[in-house]
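Colleague: Pasting the sequence and the predicted model now:
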Amino acid sequence: MNEAITVRSDKIIERILTLELVRVTERAAVASARLRGRGDEKAADQAAVDAMRRELNKLQIDGTVVIGEGERDEAPMLFIGEKVGNGKGPRVDIAVDPLEGTTLCAKDMPGSIAVMAMAEHGTLLNAPDVYMEKIAIGPGYPEGTVDLDATPEDNIRTLAKAKGVSPNEITALVLDRPRHAELISRVRALGAGIRLITDGDVAGVIFTSKPEDTGIDIYMGIGAAPEGVLAAGALRCVGGQMQGRLILDTPEKRSRAAAMGVKNPKRKYNLLDLASGDVIVAATGVTDGALLSGVRFSKDVIETETVVYRSATGTVRRIKAEHREFEKFHLE
């Protein structure tokens, strides 16, 4: 009898924590959305960080930020190693990107989101704030369909064969950066399509999970390592394949990585290496985008849209909320 009660209570706690994570990303999204189109990336990021930190510290958790905006206590960062929560609940790892797409928000362009993940302690890669090579596809393909060490052409061909289409029916999503010029040229030379994004590679990886809706079959290229871990957490919840490798191209970066437990600087991480255990990921739209609608302000209501992923159940929840308690959303 007692055991049954305990299990039931645990499930209630899990559901409560899921909803609390939604509140965290909602607050961050609303705070930064007030600064959409103002051209001030730092102010928008500061607003999101402050709101997210404030809400995280209300949670009944003993949390440690393992993926944050910096590696030292430098405002406005939610820094790696920072303790969050009231210290009285479960011990968990926290990964945050309070405002993914700061430029998108500052210019009021599509795709900016507030995103965070919570996982069992020790199950998220404790990655330094460096770049990461990444490749990702959605669910339904044989394991090993793509490989970080294969050529772009081979990955496109293999994915096309697994999907039962020709390479010219595959679309890759790539960050629009000079470093990707050769990658883009090679993929296009094969006949495949490229969709370029200026920012937002967490959402970019998630797009591969529903190619029928997003038109994206594969994510390729180099982005930030913290966003790679967050994206892996979301992909864990819906299925798919992802590999990443930290780019530790200076002695200083290798030293930082070693201090965080990275023993092999050339290691190729798979999805479970990046995010294992029970992972919950929440993302709230700041500006309108393909993944989520942005925050909407009206005279009496603030509207938000959030997507929540949980790996233990494979659940994806979309939550559209109307907020009327405006004092909770003030920047001060």
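Modeller: Nice, I can see it.
Colleague: can we go C-alpha only for contacts and neighbour counts from here?
Modeller: Noted.
Colleague: secondary structure class for the closest residue to residue 27 other than its chain neighbours?
Modeller: For residue 27, ignoring the flanking residues on the chain, the nearest one in space by CA to CA, 6 or more residues apart in numbering is residue 51 at 5.8 Å. Of the three states, residue 51 takes helix according to DSSP: H, G, I helix; E, B strand; the rest coil.
Colleague: same deal with residue 187?
Modeller: At residue 187 the chain is in helix, as set by three-state DSSP.
Colleague: where do the helices sit along the stretch 101-250 of the chain?
Modeller: With DSSP state H, counting those that start in this stretch as the definition, the stretch 101-250 of the chain shows helices at residue ranges 102-106, 152-163, 181-189, 201-207, 211-214, 225-238.
Colleague: would a markdown table of those with distance to residue 68 be doable?
Modeller: As requested, the helices of the stretch 101-250 of the chain are arranged in a markdown table below (distance: least, CA to CA, whole Å):
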| stretch | distance to residue 68 |
| --- | --- |
| helix 102-106 | 15 |
| helix 152-163 | 30 |
| helix 181-189 | 28 |
| helix 201-207 | 14 |
| helix 211-214 | 28 |
| helix 225-238 | 7 |
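Colleague: would CSV of these with distance to residue 93 and mean neighbour count be doable?
Modeller: Output for those, formatted as CSV (distance: least, CA to CA, whole Å; neighbours: other CA atoms under 10 Å):
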stretch, distance to residue 93, mean neighbour count
helix 102-106, 24, 25
helix 152-163, 33, 19
helix 181-189, 34, 15
helix 201-207, 18, 26
helix 211-214, 30, 13
helix 225-238, 12, 27
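Colleague: Turn the ones you listed into a markdown table, including distance to residue 138 and mean pLDDT.
Modeller: Putting the helices of the stretch 101-250 of the chain into a markdown table (distance: least, CA to CA, whole Å; pLDDT from 0 to 100) gives the following:
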| stretch | distance to residue 138 | mean pLDDT |
| --- | --- | --- |
| helix 102-106 | 25 | 95 |
| helix 152-163 | 11 | 98 |
| helix 181-189 | 19 | 98 |
| helix 201-207 | 8 | 91 |
| helix 211-214 | 8 | 92 |
| helix 225-238 | 8 | 91 |
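Colleague: Partner strands of the helix or strand containing residue 63 and their direction?
Modeller: Using DSSP states H and E, the element containing residue 63 is strand 62-67. The pairing partners recorded for strand 62-67 under DSSP bridges are strand 83-84 (antiparallel), strand 91-100 (parallel).
Colleague: Tell me which of these approaches residue 36 most closely.
Modeller: Comparing the strands paired with strand 62-67 by their distance to residue 36 (CA to CA), the top pick is strand 91-100, with 11.5 Å.
Colleague: what mean pLDDT would you report for the closest one?
Modeller: Along strand 91-100, the predicted confidence averages to a pLDDT of 93.
Colleague: Residue 123: which of the helices of the stretch 101-250 of the chain is closest?
Modeller: helix 225-238 (10.0 Å).
Colleague: can you pull out the strands in this structure?
Modeller: Counting by DSSP state E, one finds strands in the chain at the ranges 62-67, 83-84, 91-100, 113-120, 131-137, 171-175, 193-197, 218-224, 241-246, 269-270, 279-285, 296-297, 302-310, 315-323.
Colleague: winner for burial among those?
Modeller: Among the strands of the chain, ranked by average contacts under mean count of other CA atoms under 10 Å, first place goes to strand 279-285 (a mean of 30).
Colleague: Does anything pack onto that strand? Which helices or strands?
Modeller: Based on contacts counted as 3 or more CA pairs under 8 Å, 6 or more residues apart in numbering; DSSP states H and E, the elements that strand 279-285 packs against are helix 2-33, strand 113-120, helix 225-238, strand 302-310.
Colleague: got the strands of the chain as a markdown table, with distance to residue 39 columns?
Modeller: Compiled in a markdown table, those are given as follows (distance: least, CA to CA, whole Å):
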| stretch | distance to residue 39 |
| --- | --- |
| strand 62-67 | 26 |
| strand 83-84 | 30 |
| strand 91-100 | 14 |
| strand 113-120 | 17 |
| strand 131-137 | 25 |
| strand 171-175 | 21 |
| strand 193-197 | 19 |
| strand 218-224 | 22 |
| strand 241-246 | 31 |
| strand 269-270 | 36 |
| strand 279-285 | 18 |
| strand 296-297 | 19 |
| strand 302-310 | 22 |
| strand 315-323 | 26 |
